[in-house]
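Novice: Build me a model:
(one chain, ligands or ions: 2)
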Amino acid sequence: MKNLLIQCLFCGLLAIGLWTTTLLLLVNLELEDTLEKELEGYNRSPRAHVYQQARHSDNIINDKVDFSDPELIQGLKQYGLNVIISRSLGIQRQVPDSRGKICQRKYYPVHLPTASVIICFYNEEFNTLLRTVSSVMNLSPHHLLEEIILVDDMSEYDDLKNKLDYHLEIFRGKIKIVRTKKREGLIRSRMIGASRASGDILVFLDSHCEVNRVWLEPLLHAIARDHKMVVCPIIDVIDELTLDYIAAPVVRGAFDWSLNFRWDNVFSYELDGPEGPSKPVRSPAMSGGIFAINRHYFNELGQYDKNMDFWGGENVELSLRIWMCGGQLFIIPCSRVGHISKAPSPDRPLNQSALSRNLLRVAHVWLDEYKENFFLQRPSLIYVSCGNISERVELRKRLGCKSFQWYLDNIFPELEPFNTKGKGMKSFLSGQGENVP
Ligand code: UDP
Ligand code: MN
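Specialist: Ligands and ions are numbered 1, 2, ... in the order given. The predicted structure is shown next:
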């Protein structure tokens with residue numbers, strides 16, 4: 001009887017052991033499968049091929065990035081960047097001086113207009129946000145930095161509440177933090193930040209930037225000479241996987257008929273001459289996140305279109321408004337700011353319908369008879385409503401802005417219209433009044 005009992009117990013234990021091993025194997029396989037799928041999704045991102053090439057060439061992705069680490073994958077999904085490296089870098093670091101030789105030798109007047117730096121954030125990784133703030137604090141002359149205004153666009157993560165306030169205490173006096181009561185999107189959040197500012201110049205930054213040496217003075221100097229001058233630094237690349245800081249070439253902002261922003265090469269004649277690649281570059285458009293503008297001029301010019309939601313389109317709208325309504329937009333190569341272009345992730349989806357609606361508003365307000373080129377690229381938007389645009393049309397009239405034809409002729413002749421004759425859309429679109437959408 002006793003033997004039978006022992007045999008039963010032994011068999012039972014064996015069965016449990018076998019089940020547990022099988023279960024563990026299955027869980028492991030499942031985990032590997034999930035990681036592979038995540039990675040597959042990541043590799044489909046537009047920049048993936050750059051990394052594949054880099055992996056085989058100059059080792060940008062080096063031993064620092066281990067794709068089998070679930071923490072890395074989770075961080076990429078949640079924040080769009082390598083959180084393991086970000087945490088190990090902490091809240092401040094030094095980045096290499098990416099300025100050209102001529103820029104390094106330049107001097108700027110001590111007395112310049114003051115700056116309010118506005119940083120909006122939504123669910124940003126804690127260390128990344130603090131590196132943005134500390135780089136501004138460390139590399140801006142204190143007499144020129146009026147304040148840093150952080151606008152929390154209703155972030156959901158706990159560490160962006162009390163813990164953030166606690167860490168900002170060390171920068172006491174220079175920092176204001178504003179928290180929106182509902183998710184506003186970056187466009188209205190920037191307007192909220194601007195309304196609280198008191199410096200002469202507004203400098204907008206994303207919440208995942210690191211500014212470089214003498215970044216502020218060239219921007220302030222250019223605006224001090226002409227208050228209708230809007231300026232952008234060169235946006236250096238902070239690799240989202242390695243967080244390495246990589247100097248970017250001198251480029252200018254452009255867009256296509258879909259109103260998608262892109263970078264274009266600078267004409268070689270613009271880089272020649274004694275000032276070489278340190279000379280300001282005339283830019284048809286800005287990428288959006290990082291620029292400086294005189295505070296009164298920003299208000300005079302009509303700030304942003306407050307009926308644009310979440311993200312996108314506002315950069316093209318502001319660029320057109322600047323050029324067509326009497327201002328200028330330049331890239332200042334001696335000012336450099338690093339920016340992380342985040343990895344796309346289904347956890348941080350792009351609100352495509354908000355973007356389309358924003359772009360539609362741009363087309364209806366600014367493109368005049370050329371909007372048919374936009375609809376040829378985005379035919380699905382022809383019958384979509386973009387809300388009431390009468391206020392923005394009124395603003396355009398009040399500011400006495402020039403036509404889109406003038407912009408094409410004088411600022412962006414490289415944007416060639418399609419030959420739309422005989423496509424039947426022209427007659428349809430000519431019937432679209434200002435308030436039709
Ligand atoms: N942002 C925000 N609210 C939003 C979306 C974005 O405050 O609803 C912030 C975001 O945290 C970032 C800035 O706006 O600091 C620009 O967004 P993002 O970096 O996604 O734009 P991109 O660099 O791709 O143009
Ligand atoms: Mn960004």
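Novice: Three-state assignment for residue 365, please.
Specialist: helix (DSSP: H, G, I helix; E, B strand; the rest coil).
Novice: swap that for residue 355, please
Specialist: helix.
Novice: what's the pLDDT at the spatially closest residue to it that is not a sequence neighbour?
Specialist: The shortest distance from residue 355 to any non-neighbouring residue, by Cβ to Cβ, 6 or more residues apart in numbering, is to residue 312 (4.1 Å). The C-beta positions use only the backbone N, C-alpha and C, and glycine is treated the same way. As predicted, residue 312 sits at a pLDDT of 94.
Novice: who's in contact with residue 312?
Specialist: Residue 312 is in contact with 350, 354, 355, 358, 359, counting by Cβ atoms under 8 Å, 6 or more residues apart in numbering.
Novice: By neighbour count, which of these wins?
Specialist: Counting neighbours by other Cβ atoms under 10 Å, residue 358 leads these with 25 neighbours.
Novice: list the contacts for it?
Specialist: Residue 358 sits next to 305, 308, 309, 312, 313, 314, 317 when contact means Cβ under 8 Å, 6+ apart.
Novice: Just the element for the most centrally placed residue in the chain, please.
Specialist: Nearest residue to the geometric centre of the chain (Cα atoms, centre = their mean): residue 289, 4.6 Å. Under the criterion DSSP states H and E, no helix or strand holds residue 289.
Novice: Name the nearest residue to it, sequence neighbours excluded.
Specialist: Spatial nearest neighbour of residue 289, excluding adjacent residues (Cβ to Cβ, 6+ apart): residue 206 at 4.2 Å.
Novice: which residue packs closest to residue 152, ignoring adjacent ones?
Specialist: residue 179 (4.5 Å).
Novice: Contact partners for that neighbour?
Specialist: Residues counted as contacts of residue 179 (Cβ under 8 Å, 6+ apart) are 151, 152, 154.
Novice: Distance check, it against ligand 1.
Specialist: 11 Å (Cβ to the nearest ligand atom, to the nearest Å).
Novice: Then residue 282?
Specialist: Separation of residue 282 from ligand 1 (Cβ to the nearest ligand atom): 22 Å.
Novice: Bridged to that residue, which residues?
Specialist: Under DSSP bridges, the beta-bridge partners of residue 282 are residue 330.
Novice: Verify the stated contact: residue 396 with residue 317.
Specialist: No. Taking contacts as Cβ atoms under 8 Å, residue 396 lies outside contact range of residue 317: 10.9 Å.
Novice: Who has more neighbours out of those two?
Specialist: Counting neighbours by other Cβ under 10 Å for residue 396 and for residue 317 shows that residue 317 has the greater number, 25 against 20.
Novice: Quick check: which element contains the nearest residue to that one once chain neighbours are set aside?
Specialist: In this structure, residue 317 finds its nearest non-sequential neighbour in residue 362, 4.7 Å apart by Cβ to Cβ, 6+ apart. Secondary structure from DSSP H and E places residue 362 in helix 352-366.
Novice: ok, now residue 119?
Specialist: Secondary structure assignment for residue 119, by DSSP H and E: strand 115-121.
Novice: That strand: what's the following helix or strand?
Specialist: Using DSSP H and E, the helix or strand that follows strand 115-121 in sequence is helix 126-139.
Novice: This completes my enquiry, with thanks.
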